[in-house]
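Enquirer: build me a model from this:
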Amino acid sequence: MNILVCMKQTFDTEAKIALDASGKIDKTGVNLVINPYDEFAIEEGLRLKEKFGGEVVLLSLGGQSVETSLRTGLAMGADRAVLVNDPALADADECVAADVLAKAVADIPYDIILAGRIAVDDGSAQVSVRLAEALQIPSVSSILKLDVEGETATVTREIDGGTELIEVSLPAVFTAQKGLNEARYPSMAGIMKAKKKEIKPLTLADLGLDVPAAKATVAKYSLPSPRSGGKVIPGEPADAAKELARLLREEAKAL
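Expert: Residues are numbered from 1 along each chain as shown. Predicted coordinates for the structure are as follows:
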């Protein structure tokens, strides 16, 4: 079985975000990691390989720094990786990213494509389903369980207030939700082997693509307002409760 995992490099969720002089996110000193939801996708791909054989290929889009995260995925057990690295993609939106990845996928055999349900940096949850649309194959998002038999997959996916059981023909795209599995840690042997595994670089020219025009652009980044200090309301409990209600109604506008 050929398993393709789309992986994104993101900031560590505990990183302190700052803006540089130009108003863009400053990556200086920030720890970059595999998008946490993509770790579940990699793990599921490895489990499918262990069950059915075949190979797990990682696919990512980004700069040279992404190689570090790809090496981590290879250390987990993936067989090889492909990185689309082109300066023209620095400000790629979800539509451009999906179209470029679809072009890269054309040269990679796959039966199943896995990815995280969402990226923790932008929260858009668009690229994977757009990729499925570009490839004209079905997709199922936020899966909690995946069973494959022949050319059919039976998946349990999370929906509002419950779960849903879906049967879909392969090939297909699936996005992983927390709870699908528990991602393994790279072993020392895996880390050593990963150093010799292939990371194939590709540019837009390699894919036969011109510089794409994004359909959406980021106009401005801004940090949330700092939290103000708490208030201590003195007095007897009954009086303090009345004052609290007044503050919630008139100042916080919460009531």
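Enquirer: quick one, strands of the stretch 1-150 of the chain?
Expert: Taking DSSP state E, counting those that start in this stretch as the criterion, the stretch 1-150 of the chain carries its strands at 2-6, 9-11, 32-34, 55-61, 80-84, 112-116, 139-149.
Enquirer: direction included, what does the fourth one pair up with?
Expert: Translated: strand 55-61. In the sheet, strand 55-61 lines up against strand 2-6 (parallel), strand 80-84 (parallel) (DSSP bridges).
Enquirer: what sits against residue 132?
Expert: Contacts here follow C-beta atoms under 8 Å, 6 or more residues apart in numbering; on that basis residue 132 touches 113, 138, 139, 172, 173. For glycine as for every other residue, the C-beta is placed from the backbone atoms N, C-alpha and C.
Enquirer: now, the most widely separated pair of those residues?
Expert: For the contacts of residue 132, the farthest-apart pair by C-beta to C-beta is 113 and 138; their separation is 10.6 Å.
Enquirer: where do the contact lists of these two overlap?
Expert: Among the neighbours of residue 113, those also in contact with residue 138 (C-beta under 8 Å, 6+ apart) are 132, 172, 173.
Enquirer: dump the residue contacts of the last one.
Expert: Contacts of residue 173 were listed using C-beta under 8 Å, 6+ apart, and they are 113, 114, 115, 128, 129, 131, 132, 135, 137, 138, 139, 140.
Enquirer: which residue ranges form the helices in the chain?
Expert: For the chain, the helices defined by DSSP state H occupy 36-52, 66-76, 94-105, 127-135, 188-194, 237-250.
Enquirer: any buried residues in the fourth one, and which?
Expert: Right, helix 127-135. Of the residues in helix 127-135, those buried by neighbour count under the rule 16 or more other C-beta atoms under 10 Å are 127, 128, 129, 130, 131, 132, 134, 135.
Enquirer: the fifth one now?
Expert: Applying a neighbour-count criterion of 16+ other C-beta under 10 Å, the buried positions in helix 188-194 are 190, 194.
Enquirer: thinking again about what came up before, just the closest of the buried residues of helix 127-135 to residue 180, please.
Expert: Closest approach to residue 180 among the buried residues of helix 127-135 (C-beta to C-beta): residue 128, at 14.1 Å.
Enquirer: could you check how far that closest one is from residue 41?
Expert: The span separating residue 128 from residue 41 equals 9 Å under the rule C-beta to C-beta, to the nearest Å.
Enquirer: between these two, which contacts overlap?
Expert: 6, 115, 116, 175.
Enquirer: hang on, isn't the second one packed against residue 127?
Expert: Yep, that's residue 115 we're talking about. Yes. Taking contacts as C-beta atoms under 8 Å, residue 115 lies within contact range of residue 127: 7.4 Å.
Enquirer: tell me, what's touching these two both at once?
Expert: Common contacts of residue 115 and residue 127 (C-beta under 8 Å, 6+ apart): residue 6.
Enquirer: state the phi and psi torsions of the most centrally placed residue in the chain.
Expert: The chain has residue 119 as the residue nearest its centroid, 3.5 Å off, counting by C-alpha atoms, centre = their mean. Backbone torsions for residue 119, taken as degrees, to the nearest 10, come to phi -100, psi 130.
Enquirer: want to throw the helices of the chain into a markdown table with distance to residue 220 and mean pLDDT?
Expert: Listed next are those as a markdown table, based on distance: least, C-beta to C-beta, whole Å; pLDDT from 0 to 100:
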| stretch | distance to residue 220 | mean pLDDT |
| --- | --- | --- |
| helix 36-52 | 27 | 97 |
| helix 66-76 | 25 | 97 |
| helix 94-105 | 18 | 95 |
| helix 127-135 | 22 | 96 |
| helix 188-194 | 39 | 96 |
| helix 237-250 | 31 | 90 |
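Enquirer: residue 152: which of these is closest?
Expert: For these, distance to residue 152 was read as C-beta to C-beta. The smallest value, 13.3 Å, belongs to helix 36-52.
Enquirer: next, the distance between the ends of stretch 48-57.
Expert: Start-to-end span of stretch 48-57 (C-alpha to C-alpha, to the nearest Å) is 12 Å.
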